[in-house]
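A.B. asks: What shape does this take:
(chains A, B and C)
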Amino acid sequence: MYLREHWYVAALSSELETKPLSRQILGEHVAIFRTEAGAVVAFADQCPHRGYPLSLGTVVGEQLVCGYHGFTFDCEGTCVAVPGQDRVPGRANVKTYPIVQQGLWVWIWMGESEPDFSKLPSTPWLQDAERWSAVSGVAKIDATFDLLVDNLLDLSHETFLHNGSIGTPEVASTPIDVEVDEEMNVVRVSRHMASVECPPFYSRTTGLVGKVDRWQDIEYFAPGFYLLNARIARVDDPPLEDGSDDHAFHMKILYGLTPSSDGKVIDFWALSRDFCIGDDEVDRFLEKMQSSVVQEDVDALNILQARAEEDPHAREVSIKIDKGGLSARRMLTQMRESVSFQ
Amino acid sequence: MYLREHWYVAALSSELETKPLSRQILGEHVAIFRTEAGAVVAFADQCPHRGYPLSLGTVVGEQLVCGYHGFTFDCEGTCVAVPGQDRVPGRANVKTYPIVQQGLWVWIWMGESEPDFSKLPSTPWLQDAERWSAVSGVAKIDATFDLLVDNLLDLSHETFLHNGSIGTPEVASTPIDVEVDEEMNVVRVSRHMASVECPPFYSRTTGLVGKVDRWQDIEYFAPGFYLLNARIARVDDPPLEDGSDDHAFHMKILYGLTPSSDGKVIDFWALSRDFCIGDDEVDRFLEKMQSSVVQEDVDALNILQARAEEDPHAREVSIKIDKGGLSARRMLTQMRESVSFQ
Amino acid sequence: MYLREHWYVAALSSELETKPLSRQILGEHVAIFRTEAGAVVAFADQCPHRGYPLSLGTVVGEQLVCGYHGFTFDCEGTCVAVPGQDRVPGRANVKTYPIVQQGLWVWIWMGESEPDFSKLPSTPWLQDAERWSAVSGVAKIDATFDLLVDNLLDLSHETFLHNGSIGTPEVASTPIDVEVDEEMNVVRVSRHMASVECPPFYSRTTGLVGKVDRWQDIEYFAPGFYLLNARIARVDDPPLEDGSDDHAFHMKILYGLTPSSDGKVIDFWALSRDFCIGDDEVDRFLEKMQSSVVQEDVDALNILQARAEEDPHAREVSIKIDKGGLSARRMLTQMRESVSFQ
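C.D. replies: Below you'll find the model as predicted:
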């Protein structure tokens, strides 16, 4: 059911410390922690002895000690000590997961095969604090992965669900362009709004007043990474012919979509901007506003999931705004079928 | 399983405003609201687009706008606008339910067929503020419809469960008379108590002290409406031969029994009296005391249901006081069988 | 599944009063109460009339009155009164359970057969306030009976889970001796630690400072009673040849393990000491510290159970410290098989 041979966001970098974090990813419980030297490590969250969660253990130096009976593991998952005897049984090792920190986010490889680093999404906007200022957060949703994809691929909902922060009437009323790259598993949805209202999210950070040109260029890299390229500029002030666009304001709105367990998904987000660099007040404002936008999505998806569980085969009426979401659904279906054919 | 071709109480009139109410009735989620002009409207609580609850939408004039992507419906459930395009798909309409306000209560028709207004219970005591002063309320019970019927048809439980408010020893000790009208689906249970203690519920509102005659004449109109005609009078002071009874105090205790979903029932109540008309203080006293009586029933039924789920076939020992409840059970069984035979 | 023909702790003596206690034991709901004369009585917690829990009833003299419709029972469970009629139906009696108070604990017999008093555990330490001062408590655990047995039979976990109260490094590092008495269904696990750190639990009550000799001699009387004989003494100061040991400090740590329902167990505990007799301050200190030790076990077992439900067949790696727990598992398996063979 899960698409395993991919990278998923496992944690915000700020969540990880020597006290382990317990997180369920693709149905598996994972204990993620930093060693005292700072290395990021991910273990199967289950002691081989009696199954106690290793996330309740303690990091001592470069080792993790289980909190129940003290089985002790090094960073490769090798058991190096057990209580009451000197001999360590060979079967007492714990599974580890490939894990990589990239700026604000930490990615995990959940595949059976060797990690494919060519598939690791590139997120320079979370790693270059000179050019991009970023904030990030995480929310748990009691809904399927697919409902979150639906939500993010159709931004017309901003007008209604996120009215007052990022939603304006023109988002819902402006048609979209959709492109599908079946080879690279990317869905692109573009909505270019000319001379429209600038919502508080952008007006209070860019300082622009009155009408603006507002572009939303979505790139969904199935399954786990979503990038919304937002461009806010004065009316009729497009990028130059050479592509340069220094007079506009750009924001990268990133989502890491990580299936947790059946009917549960984790929603990692980050906002990165090329203006007001290093401005803490803008950081706090965006963090607060985005947290509340995400909470609106969480509430909506939780109730949608509850209703879907009662009536799994409810009919749907689709219209043009759904083209992005329907394309993503088809892509995910194809990817899942191609896994089950293997 | 549900007896659909009947009217059920859907809401207190005081619960309805332009902000929609979400209520599950006979297993169906219903969004109930008033338009800005005041009309009462009931929709299936599910947008035809992506299933989002319409109860989370917004009333604008005489229309409801879905809170997710803005599909817009008029009072007949016809979709009149969708985002991103001018053409409205013909399949995007939403189901509506016949709904009628009668004084303090609002009734809904959940049947497949056309609403049968001859079946709509008559409740003049909730609609004639000159002659009857009424208060009302609602409680949700995590128990089956049938457990609530059992509870209301055997008032001997007042002595034990509602001791201190409406229960006195004589309620349990006085035998009952039971009549069954199979044609009209009515069960009548009468208990006429002569020269008995007057409980606080009546003594503090009527001002009667010492012994009274207290009559309880139940009429259960299966499935959804229950009327307890209570008469409190001085000892040996019966109604006149012409039926007039002005010297006695009368209270109509109404219950609307509305199945919500499997193992859940909604308990609407109203108390209407022909004395202390318009007296706010008496209103507040009765409201408070009845709320606490209803809560005692709710607590009892919740625990009975929890136990019944563990042991669905527990044996029962029935005695004479159970004749009303057993008659109601038989009537409901017959009504259900006659539906499934159709 | 349950081993029924045994005594289990049903309640702390301090829990019982005329207001009945509702407790689920071996899957059965039991109402336990004292009559006004002080007798301890246990009823099936279900009125024969409509199934209402008798634990919600009221004790009047030596009788219990159901809180719903007033069915009334004497201490033998015989129904002696019903509402609305003089004749009491013969089938309206309620099942009773043999129940015995022994000092701080009350034991119940859940068997189908007559109670076997030879199987009733002896607990003189809870009944002789002159020689033994005792405190007791109870905790509910959302875990199987078997997980609690596992926990108590392997005390090496004290070092990690109960660090700071009773755990020291030497508990985990000291090997154990295990003896199994298959005839009497007893598992004995001994760990004698010489010249070791004295944890706060003992140092603050005995006044011993520096190194001590610390013995842990477990006797598990399967299925429901566990006794840890703890001995704390100055280094190299063993019991005399005649067995007398007055210069050492002894504590009896008792657990009553009572299966409640599927995946739930009740953990009764008592601490009895032969020093600081009658010292209230020591009582409060031990009560507080033991409550927090038990809570650490509860938290650990709750999470172990939650994980076990997700993955019931997780592999285990056992080592020497597990010999006691594995012996107890085997004994319980044999006892269950011998029941199902009968």
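A.B. asks: Residue A:122: neighbouring residues, count only.
C.D. replies: Neighbours of residue A:122 under the rule other CB atoms under 10 Å in any protein chain shown: 11. Glycine gets a C-beta too; all of them are placed from N, C-alpha and C.
A.B. asks: element containing residue A:160?
C.D. replies: Secondary-structure element containing residue A:160, defined by DSSP states H and E: helix A:158-161.
A.B. asks: That helix and chain B in contact?
C.D. replies: Yes: legend: contact between helix A:158-161 and chain B by CB under 8 Å from any CB of the partner chain is shown at A:159, A:160, A:161.
A.B. asks: Any chance of CSV for those, columns neighbour count, pLDDT and distance to residue C:238?
C.D. replies: Listed next are those as CSV, based on neighbours: other CB atoms under 10 Å in any protein chain shown; pLDDT from 0 to 100; distance: CB to CB, whole Å:
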residue, neighbour count, pLDDT, distance to residue C:238
A:159, 21, 95, 83
A:160, 25, 96, 80
A:161, 23, 96, 75
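A.B. asks: contact partners of whichever helix or strand comes after the helix holding residue A:160?
C.D. replies: The helix or strand immediately downstream of helix A:158-161 is helix A:169-173, counting by DSSP H and E. Here helix A:169-173 makes contact (CB atoms under 8 Å, 6 or more residues apart in numbering or on different chains) with A:155-160, A:191, A:193, A:196-197, A:214, A:216, A:321, B:69-70, B:83-84.
A.B. asks: List the buried residues in whichever helix or strand comes after helix A:169-173.
C.D. replies: Sequence-wise, the next helix or strand downstream of helix A:169-173 (DSSP H and E) is strand A:177-181. Residues A:178, A:180 are the ones in strand A:177-181 that count as buried (16 or more other CB atoms under 10 Å in any protein chain shown).
A.B. asks: for stretch A:140-160, same thing?
C.D. replies: Going by neighbour count (16+ other CB under 10 Å), the buried part of stretch A:140-160 is A:141-160.
A.B. asks: try stretch A:96-110
C.D. replies: A:96-99, A:101-110.
A.B. asks: Next, format these as a markdown table and append distance to chain B and pLDDT.
C.D. replies: Listed next are the buried residues of stretch A:96-110 as a markdown table, based on distance: CB to the nearest CB, whole Å; pLDDT from 0 to 100:
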| residue | distance to chain B | pLDDT |
| --- | --- | --- |
| A:96 | 40 | 98 |
| A:97 | 35 | 98 |
| A:98 | 36 | 98 |
| A:99 | 35 | 98 |
| A:101 | 36 | 98 |
| A:102 | 33 | 97 |
| A:103 | 33 | 96 |
| A:104 | 30 | 98 |
| A:105 | 28 | 98 |
| A:106 | 32 | 98 |
| A:107 | 30 | 98 |
| A:108 | 31 | 98 |
| A:109 | 33 | 98 |
| A:110 | 29 | 97 |
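A.B. asks: would JSON lines of these with secondary structure be doable?
C.D. replies: Formatted as JSON lines, the buried residues of stretch A:96-110 follow (DSSP: H, G, I helix; E, B strand; the rest coil):
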{"residue": "A:96", "secondary structure": "strand"}
{"residue": "A:97", "secondary structure": "strand"}
{"residue": "A:98", "secondary structure": "coil"}
{"residue": "A:99", "secondary structure": "strand"}
{"residue": "A:101", "secondary structure": "strand"}
{"residue": "A:102", "secondary structure": "strand"}
{"residue": "A:103", "secondary structure": "coil"}
{"residue": "A:104", "secondary structure": "coil"}
{"residue": "A:105", "secondary structure": "strand"}
{"residue": "A:106", "secondary structure": "strand"}
{"residue": "A:107", "secondary structure": "strand"}
{"residue": "A:108", "secondary structure": "strand"}
{"residue": "A:109", "secondary structure": "strand"}
{"residue": "A:110", "secondary structure": "coil"}
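A.B. asks: The helix or strand where residue A:293 lies: how far from the chain's middle?
C.D. replies: Applying DSSP H and E as the criterion places residue A:293 in helix A:280-310. Centre-to-centre, helix A:280-310 and its host chain are 13 Å apart (CA atoms, centre = their mean, to the nearest Å).
A.B. asks: What of stretch A:133-148?
C.D. replies: Distance, stretch centre to chain centre, for stretch A:133-148: 6 Å (CA atoms, centre = their mean).
A.B. asks: On the three-state scheme, the residue of chain A found nearest chain C is what?
C.D. replies: The nearest approach of chain A to chain C comes at residue A:83, 3.8 Å away (CB to the nearest CB). Following three-state DSSP, the label given to residue A:83 is coil.
A.B. asks: now the stretch 151-300 of chain A, which segments are flagged as low pLDDT?
C.D. replies: Filtered on pLDDT under 70, the stretch 151-300 of chain A yields no residues whatsoever.
A.B. asks: for the host helix or strand of residue A:340, packing partners?
C.D. replies: Using DSSP H and E, residue A:340 falls within helix A:323-341. Under the contact criterion of 3 or more CB pairs under 8 Å, 6 or more residues apart in numbering or on different chains; DSSP states H and E, helix A:323-341 touches helix A:145-153, strand A:177-181, strand A:186-196, strand A:212-221.
A.B. asks: So the second one, near chain B or not?
C.D. replies: To tie it back to what came earlier, the one meant is strand A:177-181. No: using CB under 8 Å from any CB, strand A:177-181 never reaches chain B; the gap is at least 11.8 Å.
A.B. asks: so how far is that strand off the chain centroid?
C.D. replies: Strand A:177-181 sits 21 Å away from the centroid of its parent chain (CA atoms, centre = their mean).
A.B. asks: for it, packing partners?
C.D. replies: In terms of contacts (3+ CB pairs under 8 Å, 6+ apart), strand A:177-181 is packed against strand A:186-196, helix A:323-341.
A.B. asks: Also the third one?
C.D. replies: Counting contacts by 3+ CB pairs under 8 Å, 6+ apart, the secondary-structure elements packed against strand A:186-196 are helix A:169-173, strand A:177-181, strand A:212-221, helix A:323-341.
A.B. asks: Can you list the buried residues in stretch A:307-327?
C.D. replies: By neighbour count on 16+ other CB under 10 Å, the buried set for stretch A:307-327 is A:307, A:308, A:317, A:319, A:321, A:322, A:323, A:324, A:325, A:326, A:327.
A.B. asks: With stretch A:28-47 instead?
C.D. replies: A:28-35, A:40-47.
A.B. asks: again with stretch A:299-306
C.D. replies: Neighbour-count burial for stretch A:299-306 [16+ other CB under 10 Å]: A:300, A:301, A:303, A:304, A:305.
A.B. asks: Contacts (any at all) between chain B and it?
C.D. replies: Yes: applying CB under 8 Å from any CB, one finds stretch A:299-306 touching chain B at A:300, A:303, A:304.
A.B. asks: which residues are contacting that stretch?
C.D. replies: Residues from elsewhere that reach stretch A:299-306 (CB under 8 Å, 6+ apart): A:141-144, A:147-148, A:151, A:157, A:161, A:263, B:50-53, B:56, B:67-68.
A.B. asks: near chain C too, which of the residues you listed?
C.D. replies: The subset of the contacts of stretch A:299-306 lying close to chain C, counting by CB under 8 Å from any CB, is empty.
A.B. asks: Show me the residue sitting in the middle of chain A in space.
C.D. replies: In chain A, the centroid-proximal residue (CA atoms, centre = their mean) is residue A:256; its distance is 1.2 Å.
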